[in-house]
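Student: need a structure here:
(chains A and B)
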There are 2 protein chains.
Amino acid sequence: MSQPNEFNPSQRQPLLIVISGPSGVGKDSVVDALRAMTAYFHFVVTTTTRPPRPGEINGKDYTFVSKDQFAEMIEKDELLEYAVVYNDFKGIPKQQVRYAFDTGKDVILRIDVQGAEKIRQICPEALLIFLTVESEEELERRLTLRKNNQTEDLKLRIATARKELQRIESFDYLVVNKESQLEKTVGTILAIIEAEHHHLPHRKASL
Amino acid sequence: MSQPNEFNPSQRQPLLIVISGPSGVGKDSVVDALRAMTAYFHFVVTTTTRPPRPGEINGKDYTFVSKDQFAEMIEKDELLEYAVVYNDFKGIPKQQVRYAFDTGKDVILRIDVQGAEKIRQICPEALLIFLTVESEEELERRLTLRKNNQTEDLKLRIATARKELQRIESFDYLVVNKESQLEKTVGTILAIIEAEHHHLPHRKASL
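Tutor: Numbering: from 1, shown residues only, chains lettered A, B, ... in the order given. Predicted coordinates:
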């Protein structure tokens, strides 16, 4: 670690990096790939009332709780933010974020678009990345591949995605997560994070 | 190239990337390394009245002209900007920049700090990168390695560098070009350029 001095005024501050975007664009795959590639980040684990998808691990991918347990967390004011997403609740435990910043690492938070907008309000200096796909057909294809998805659910998710794409003005960066190009997507996100560490603070957008 | 559409609103616009910083921080080495690594960029060639350093090629590193020729370029308004730097003139021919943008590539312009500030005024959307070194001792060491440098010239350059470091507020990014870490510096600059292509324009700093 270099000492800040007259000729080297840089300082590395941990970032809060929010990876968001409509359902089906690949947030989970991107976060998993980031987790697999480096130990530089701390990942905030979201609490949800939805049932685990095949292969998902409690406490790593999500913390899976009952609706009663979730209601208790709301009552005790233990959540930084929460939302109803397709009849299930998802929320960010405050405890998780506190712990994350204590690690001194950059913190990565995967969250849906409405959640990301709330994080922007709570933490204006957060780095918000909007993931999207190359086309509606591709989004439909990906959502269809998910098991348990009913036809009406699919239509709802596509309609929601279309609405959410109009809300990119809250975000800092836009990344198209193209089919079979996960590595490229992750490379772009790593480039954005590296760049952000060199961004002079006075040049950042005012909110 | 992907077609912009509702689900993929991204568009790749060529960037004007300015690599600047005090004398001795390694602007030339960084630009040479970028040139050697990729064909993605177009490099603007600066015109100067200073004599070539060993190994410098006319028309690639700089266009070397006499003071009379330079005076003629000023009179004919052929320069985007020019400045006196340590008793020599340096300037950016308008023709060079016009040609650069016609290539459709990202354009890289190496320029001293006062020149970069003028570019910011002329082209507010330019991406300004300030290169620095890790310490004053390191800057002194690098400047001493240059042949033809007199002792008083060295002192002048260090004093100027100190002044210039106070002017980073015109710049977007700060990159410390550490000794023997040219590859890392270039990697950071490439990350900044990639990130900038994904930056949502409404989130950029207003000027």
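
Student: all strands of chain A, in order?
Tutor: A:16-20, A:41-43, A:46-48, A:62-64, A:79-85, A:88-93, A:106-110, A:127-132, A:173-176 (DSSP state E).

Student: And the fifth one, what does it pack against?
Tutor: Pointing back at strand A:79-85 there. Here strand A:79-85 touches helix A:67-75, strand A:88-93, helix A:94-102, helix A:113-122, going by 3 or more CB pairs under 8 Å, 6 or more residues apart in numbering or on different chains; DSSP states H and E. For glycine as for every other residue, the C-beta is placed from the backbone atoms N, C-alpha and C.

Student: do that again at 7 Å, thanks
Tutor: strand A:88-93, helix A:94-102, helix A:113-122 (3 or more CB pairs under 7 Å, 6 or more residues apart in numbering or on different chains; DSSP states H and E).

Student: Pull out the buried residues from the shortest one.
Tutor: In this case it means strand A:88-93. By 16 or more other CB atoms under 10 Å in any protein chain shown, the buried positions in strand A:88-93 come out as A:F89, A:K90, A:G91, A:I92, A:P93.

Student: just to revisit the earlier point, can you list the strands of chain A in JSON lines and add distance to B:E164 and mean pLDDT?
Tutor: Listed next are the strands of chain A as JSON lines, based on distance: least, CB to CB, whole Å; pLDDT from 0 to 100:
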{"stretch": "strand A:16-20", "distance to B:E164": "32", "mean pLDDT": "96"}
{"stretch": "strand A:41-43", "distance to B:E164": "35", "mean pLDDT": "92"}
{"stretch": "strand A:46-48", "distance to B:E164": "46", "mean pLDDT": "94"}
{"stretch": "strand A:62-64", "distance to B:E164": "50", "mean pLDDT": "94"}
{"stretch": "strand A:79-85", "distance to B:E164": "42", "mean pLDDT": "87"}
{"stretch": "strand A:88-93", "distance to B:E164": "43", "mean pLDDT": "92"}
{"stretch": "strand A:106-110", "distance to B:E164": "30", "mean pLDDT": "93"}
{"stretch": "strand A:127-132", "distance to B:E164": "29", "mean pLDDT": "96"}
{"stretch": "strand A:173-176", "distance to B:E164": "30", "mean pLDDT": "96"}
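
Student: Tell me who's in contact with A:L109.
Tutor: Shown in contact with A:L109 (CB atoms under 7 Å, 6 or more residues apart in numbering or on different chains): A:L16, A:I17, A:V18, A:V44, A:I92, A:I119.

Student: ok, and what's touching the helix ranked longest in chain A?
Tutor: Longest among the helix segments of chain A by residue count, using DSSP state H, is helix A:182-198. Helix A:182-198 has contacts (CB under 7 Å, 6+ apart) with A:12, A:15, A:17, A:29-30, A:33-34, A:37, A:106, A:127, A:129, A:173, A:175, A:177-178, B:173-175, B:188, B:191-192, B:194-195, B:198.
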